[in-house]
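In: Provided below for reference: sequence and predicted model.
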4 protein chains.
Amino acid sequence: MINPVRDCLGRPFRLGMAGGAPPSTIGPVHRVASAMDQRFELVAGVLSSRPERALAEGRAIGLADERCYASVEAMIAVEARRPDGIEAIAIVTPNDSHARYVRMALEAGLDVMVEKPLCNDLGEARALAELARRSGRVVALTHTYSGYPMIRDMRARIRAGEIGAVRLVQVDYMAGGIATRVEDGPDAAKRWRLDPAVSGPSLVLGDIGTHAHHLVGFLTGEPFASVSADVGTLMPGRRVHDVAQVRFRLAGGARGRLDVCNAAAGTSNQVSVAVFGETGHLRWEHRNHGRLVHANLDGDIRIIGAGQPNLTDMAKAATRLMRPGHPEGLQEAVANLYCGLADDMLARRGLMPTTETLTPSIADGVAGLAFVMACLESSAAGGMGVELGRPRETA
Amino acid sequence: MINPVRDCLGRPFRLGMAGGAPPSTIGPVHRVASAMDQRFELVAGVLSSRPERALAEGRAIGLADERCYASVEAMIAVEARRPDGIEAIAIVTPNDSHARYVRMALEAGLDVMVEKPLCNDLGEARALAELARRSGRVVALTHTYSGYPMIRDMRARIRAGEIGAVRLVQVDYMAGGIATRVEDGPDAAKRWRLDPAVSGPSLVLGDIGTHAHHLVGFLTGEPFASVSADVGTLMPGRRVHDVAQVRFRLAGGARGRLDVCNAAAGTSNQVSVAVFGETGHLRWEHRNHGRLVHANLDGDIRIIGAGQPNLTDMAKAATRLMRPGHPEGLQEAVANLYCGLADDMLARRGLMPTTETLTPSIADGVAGLAFVMACLESSAAGGMGVELGRPRETA
Amino acid sequence: MINPVRDCLGRPFRLGMAGGAPPSTIGPVHRVASAMDQRFELVAGVLSSRPERALAEGRAIGLADERCYASVEAMIAVEARRPDGIEAIAIVTPNDSHARYVRMALEAGLDVMVEKPLCNDLGEARALAELARRSGRVVALTHTYSGYPMIRDMRARIRAGEIGAVRLVQVDYMAGGIATRVEDGPDAAKRWRLDPAVSGPSLVLGDIGTHAHHLVGFLTGEPFASVSADVGTLMPGRRVHDVAQVRFRLAGGARGRLDVCNAAAGTSNQVSVAVFGETGHLRWEHRNHGRLVHANLDGDIRIIGAGQPNLTDMAKAATRLMRPGHPEGLQEAVANLYCGLADDMLARRGLMPTTETLTPSIADGVAGLAFVMACLESSAAGGMGVELGRPRETA
Amino acid sequence: MINPVRDCLGRPFRLGMAGGAPPSTIGPVHRVASAMDQRFELVAGVLSSRPERALAEGRAIGLADERCYASVEAMIAVEARRPDGIEAIAIVTPNDSHARYVRMALEAGLDVMVEKPLCNDLGEARALAELARRSGRVVALTHTYSGYPMIRDMRARIRAGEIGAVRLVQVDYMAGGIATRVEDGPDAAKRWRLDPAVSGPSLVLGDIGTHAHHLVGFLTGEPFASVSADVGTLMPGRRVHDVAQVRFRLAGGARGRLDVCNAAAGTSNQVSVAVFGETGHLRWEHRNHGRLVHANLDGDIRIIGAGQPNLTDMAKAATRLMRPGHPEGLQEAVANLYCGLADDMLARRGLMPTTETLTPSIADGVAGLAFVMACLESSAAGGMGVELGRPRETA
């Protein structure tokens, strides 16, 4: 399982990380996930802008003292002079810093894993994509859900025609992170999100809407053709968006809905996606991420389980525990994204053939921003339909 | 449980039924449900417009030969002359006949249980409501889902403030009845629905959209203030609507979505409704109709089960099997609607105090038609928001 | 669906009922279930031994005053002299009265539906079976679970070889009815069960163990060959058994376990049964009675749903709502048992061919008692295996 | 979360691994799990007894060439002479080699993580325990299920009295690994298990029965007092046990059942455990390992979810992703066992206070063997009860 290349690879790529110190949970996830398959080795980091804390937190995760930096600029500059300097960078800092760090990384010739959203501005996103194209470097985006084996199984089955032509897509992402007035609370990790200058033009769309948007394209292979949206706030007096209700059409004509909310009291990152085709539908829920539901016209419901012998090859390749019933989790999903990044990096170096990797790319990031902006435009116009220009290429 | 009145009631009301012969499934449901609590006794019926078949089918359900009629007109006229004639009528005929039969019944002084939708035209619906008001008779509407005990429990909890102010409502009704090209098939029971002249201005909205619409008002007590809708067809070339995607706002400001489809391959009348409030949410699914899910801000999920001692009084009153774990079903839900109708009939006769009954009324039928028309208007205008005039009174 | 015979049957059989007045829940279930398909009409009853209450309760369920009796003896004697007297009797009285009433009914030429257990004594059970054989009358036993359509689907699939030879059976019945010290409480309906003189040699085995035992034979078609049991009490100081843990072997060599408890705090009549064969297993849970789970060696899990087109004929014949997603419940399961009784009664009268009916018979009642006695013998001997004599015939 | 000690620990412990080369799945799990929290660093290994393959596989997981050994003896001897030699060893070899390697490790002063079962012989197990005691070294046992956060939550709640005194325990472990005739197949990883000389006195009891046995003691804190068992084979002609049905009593008087099978067609390592107390019960299933079900006498069912704020401290301490809804998996469970081992190792070195760790110990291994032998004795005696000598101390 997992890309066999890792077994013949001489050594892991050297990775630096920007951000991710406690109380971040996503920092440790990137650390464990990148190392899980020995495709990357974390050797440098910027865990704080305060040198003392940067050193302490860097030591705590096993970095050598001299590779605990207090700025991304410093890390990139100093590492570039080392013979064993970093080859890639993971960016897990607040949204408004993504563009700057991605740019710096690309200019220094590094490959990149960046947390979504790619950045806060569509023009900026396009410029980054152009820079990436010119640089020949890879920019991977952490759209975690696309790393789950059963989502990949779902994708493979849709594309193999197991439900016929796609007619209707329903994706919901209900979260409760800001269901209370965190504005008044002590949780800094949540508070930066509530500053529009940091979190971008639409918190809920950038934070989780882009996840949902990416899933739809990842599964169906079709770009969005148009959207009709209502974006706003559930929590009275809030300065950022916490709810978005979107209807859409895909390029192939299928209808869809995409509802996201991060102020839904009592929910826990509940992502669910259903794709209805001519002859049946497939459904996946984050909460039961190891199961895929396939319902047919004859009324049977089939539960396809992670680690089972009847998975598609695409799902098997993303599975470590091919012993059915033994659960994987989020870290393995992110590790799958890192495997794709490593494959791309090897391909660029001519060490393995170039293949379609399933790891989200900078093109997905641009498409995500375009989706966000179209939703905001539609919402401002009372829900009128907005076309999404030239369809992006979807893998 | 169940309304204690039935125990002191001298005798059941005499009921006539229009429609419901095989292969109808809803006919037998009304027959069993109306009799279940001895509130009604089926004594007359119009099972066919062909006299021979009317007689045969009437006999098969135990009617006396002379009370097997071949037209509703005949049944109403002849029964009116009997000292033991029918006091109420159940109308389970195709949609386009509802208005005519309701009118005839009211004019004959009968109380009515009519399958949804009330009728196919908003003006007609309003006229029927006015007629009902003048006649003093009850017109009950078979919005089945409002009869389930756990939906009533959900209603009671929302209204008691268990989740705080309502902020977001999500209701989906996914069905697969016409997921194939039934247009070409032999199933007559399905085919009448595919004739717009019979099924009304929008098949999917009339057939199941009105159920979903009613549930929202039933649960929250708030009328719809506005809708933005996209109504159309999933099945290429179909002459009737089979999908509708609706965003809405309630009078109190809460947002909502209502998605209905009866061409969703692999689904089975899957109704689900979630109401999110300030401090948690409640969720119910038809598929697990005996369970109500209550999730709170603290992360706990509480499953409230039918027949349990901790139900609200409203749910207990709608439950026959107060032995937890012993399942009721659809027939009991419809029976609860008949109990409400009987209570209303007793109240009108001064035999019990007038109370708020939970059985859907003709006002709900009018509101349902208004909702359908507003959705069609919005959809025709590219999804623009449409206001719903003067809010109706919701019980 | 449901036996088509009912449609051509001239009239329902006339039924009398012994027991079932409030607060009984099983009384109303029998009343509704027997009438649901118009196979029986309840015309007489013994709702109390106090004449005044017998009259009041009888009236409340619609009986004519002169057919509200205060003793079973009186009902049988008086009804026998009426030209329209009862043809069958439903016995829903406490366990220790079953034998006497069954005997009286058979001697009067009545057919019988009796709540399980058949009686409290194995010798008595055998004598009743012999009496039934001589009388030519039918004694049906209310093993409710065998009436659920999906249990019948499971039976049909096992017998059709869909999981290969049966190797292992697991059945659990966990209930919480006496999880508290009801001995000290006011609930009379529960208290009679706590008197061994009334509830029989082993409360938990008679009350729910016989249900579990019957299910095993019903599904597999194999009688029990031997048992090893530990029977006792969870509640300190209790005079009756509330827990039994049984291992068994079937005649064909399969292993099994049967665990029953009615003092399991927090449970709600949770019956589950799994049958493992060579090539897969089938699993049913009361809590999700409309679904059957079929898991195969290839890892797929298939959910077979009530009302779906791909059910076995046996399940379809037991289903009223052949519209998938529309739930039936306990009353329909019991109604299916009454349909079988009516078919047997018609067959005896030569009005329809004799067929294998699925309604539990007096032979099942005798086998149930034999099982109870063998478990008690094994438990008294420290869990040693006890053979179950001559295997009974299973349908 | 996770033991805060890791943050102040100077460096990870150096670990060697015996076994675990492809196609082993448990090898990679130990590798990732031990490294996840930077408590261990894998620096040496015996991946094969053939030097060439040992080198290739060792390189593949990142070992230095000179630390890829072809025998455990060599690894222990050579590493002992290195200043940076291994401090602990993970033993993931076939069962019959465990005892020898544990002994060698202890004699060399190493701490040990060994896969269950500890060994194949009770006398040997006791001797190893005595050796461990004298050596002062830690022997941890990989009873994976005790590492899941929600199992630890269940333990904490039981011990805090949330369900009152324990009355009944039900644990099932149904697996399908040898549901087919793997005897005839090519899968070497499965075949060694089918040789009794390698897999020990009872395959099913050693392989998964000890897991189930450990869970009971882990959760309740009570040792087994007696067992009554039936141990055998479902697959005709098989030389090793593949099914065991066990009734038991705990030292405190509670009853229990423990059913394990690794030839159950269509199952996937389905572990479930329910503990019934005076006032409710708790239930956990491997398949939904992130949820704990708590049912009370009042009928409410409460679902406690991983990562939620209302977990017990014990569960929080075992959780990395304290963002509800984000799933962990098996690797995190095993990582939790490694954290306990590291804590014990630190405590022994005086670097942190000695605390009760939750990682299974060699005492658990001895108790597991004693359980296996008692079950075999009972089964041979026709299911007679067998006492389990002097109760072991359970943490």
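Out: Right, received. Where do you want to start? Numbers count the residues shown, from 1 in each chain, chains lettered A, B, ... in the order given.
In: contacting residues for residue A:311?
Out: For residue A:311, the contacting residues are A:149, A:153, A:304, A:319, taking Cβ atoms under 8 Å, 6 or more residues apart in numbering or on different chains as the criterion. All C-beta atoms are positioned from the backbone trio N, CA, C, and that covers glycine.
In: just say helix, strand or coil for it.
Out: With DSSP: H, G, I helix; E, B strand; the rest coil as the basis, residue A:311 sits in coil.
In: now do the strands in the stretch 251-395 of chain A.
Out: Here the stretch 251-395 of chain A has its strands, by DSSP state E, counting those that start in this stretch, at A:255-261, A:270-277, A:280-285, A:291-296, A:301-305, A:386-387.
In: JSON lines please, covering these and showing distance to chain C.
Out: JSON lines is the format used below for the strands of the stretch 251-395 of chain A (distance: least, Cβ to the nearest Cβ, whole Å):
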{"stretch": "strand A:255-261", "distance to chain C": "21"}
{"stretch": "strand A:270-277", "distance to chain C": "16"}
{"stretch": "strand A:280-285", "distance to chain C": "12"}
{"stretch": "strand A:291-296", "distance to chain C": "8"}
{"stretch": "strand A:301-305", "distance to chain C": "4"}
{"stretch": "strand A:386-387", "distance to chain C": "36"}
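In: closest to chain B out of these?
Out: The closest approach between chain B and any of these, judged by Cβ to the nearest Cβ, belongs to strand A:291-296 at 3.0 Å.
In: residue A:110: what's its closest spatial neighbour, skipping adjacent residues?
Out: Among residues not flanking residue A:110 along the chain, residue A:89 sits closest, at 5.0 Å (Cβ to Cβ, 6 or more residues apart in numbering or on different chains).
In: show me the beta-bridge partners of that neighbour.
Out: Counting by DSSP bridges, residue A:89 is bridged to residue A:16, residue A:112.
In: separation between it and residue D:89?
Out: Computed with Cβ to Cβ, to the nearest Å, the distance linking residue A:89 and residue D:89 is 36 Å.
In: tell me who's in contact with residue A:138.
Out: Residues touching residue A:138, when contacts are defined by Cβ under 8 Å, 6+ apart, comprise A:111-112, A:132, A:341, A:344-345, A:348, A:361.
In: residue A:380: neighbour count?
Out: 12 (other Cβ atoms under 10 Å in any protein chain shown).
In: please apply the same query to residue A:253.
Out: If you count neighbours by other Cβ under 10 Å, residue A:253 ends up with 12.
In: okay if I get the strands of the stretch 251-395 of chain A as a markdown table plus mean neighbour count and mean pLDDT?
Out: What follows is the strands of the stretch 251-395 of chain A, written out as a markdown table (neighbours: other Cβ atoms under 10 Å in any protein chain shown; pLDDT from 0 to 100):
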| stretch | mean neighbour count | mean pLDDT |
| --- | --- | --- |
| strand A:255-261 | 25 | 98 |
| strand A:270-277 | 23 | 98 |
| strand A:280-285 | 24 | 98 |
| strand A:291-296 | 21 | 97 |
| strand A:301-305 | 20 | 95 |
| strand A:386-387 | 16 | 96 |
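In: rebuild those strands as a markdown table, extending it with distance to residue C:365.
Out: Listed next are these as a markdown table, based on distance: least, Cβ to Cβ, whole Å:
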| stretch | distance to residue C:365 |
| --- | --- |
| strand A:255-261 | 55 |
| strand A:270-277 | 48 |
| strand A:280-285 | 45 |
| strand A:291-296 | 41 |
| strand A:301-305 | 37 |
| strand A:386-387 | 71 |
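In: quick one, which of those strands gets closest to residue C:297.
Out: In terms of Cβ to Cβ, the element of the strands of the stretch 251-395 of chain A nearest to residue C:297 is strand A:301-305, at 13.0 Å.
In: other residues contacting the helix or strand containing residue A:52?
Out: In this structure, residue A:52 is located in helix A:51-60 according to DSSP states H and E. Helix A:51-60 has contacts (Cβ under 8 Å, 6+ apart) with A:21-22, A:45-48, A:65, A:67-70, D:7.
In: drop anything exposed from the residues you listed.
Out: A:21, A:45-48, A:67-70 (16 or more other Cβ atoms under 10 Å in any protein chain shown).
In: show me what contacts residue A:171?
Out: Applying Cβ under 8 Å, 6+ apart, we find residue A:171 in contact with A:212, A:215-216, A:256-259, A:271-274.
In: how about these, which pair is most distant?
Out: Of all pairs drawn from the contacts of residue A:171, the one with the longest distance (Cβ to Cβ) is A:256 and A:271, at 14.9 Å.
In: got the buried residues for the helix holding residue A:52?
Out: Judged by neighbour count using 16+ other Cβ under 10 Å, the buried positions of helix A:51-60 are A:54-55, A:57-60.
In: quick one: residue A:105 and residue A:89 touch, right?
Out: Yes - contact status for residue A:105 versus residue A:89: in contact at 4.8 Å, counting by Cβ atoms under 8 Å.
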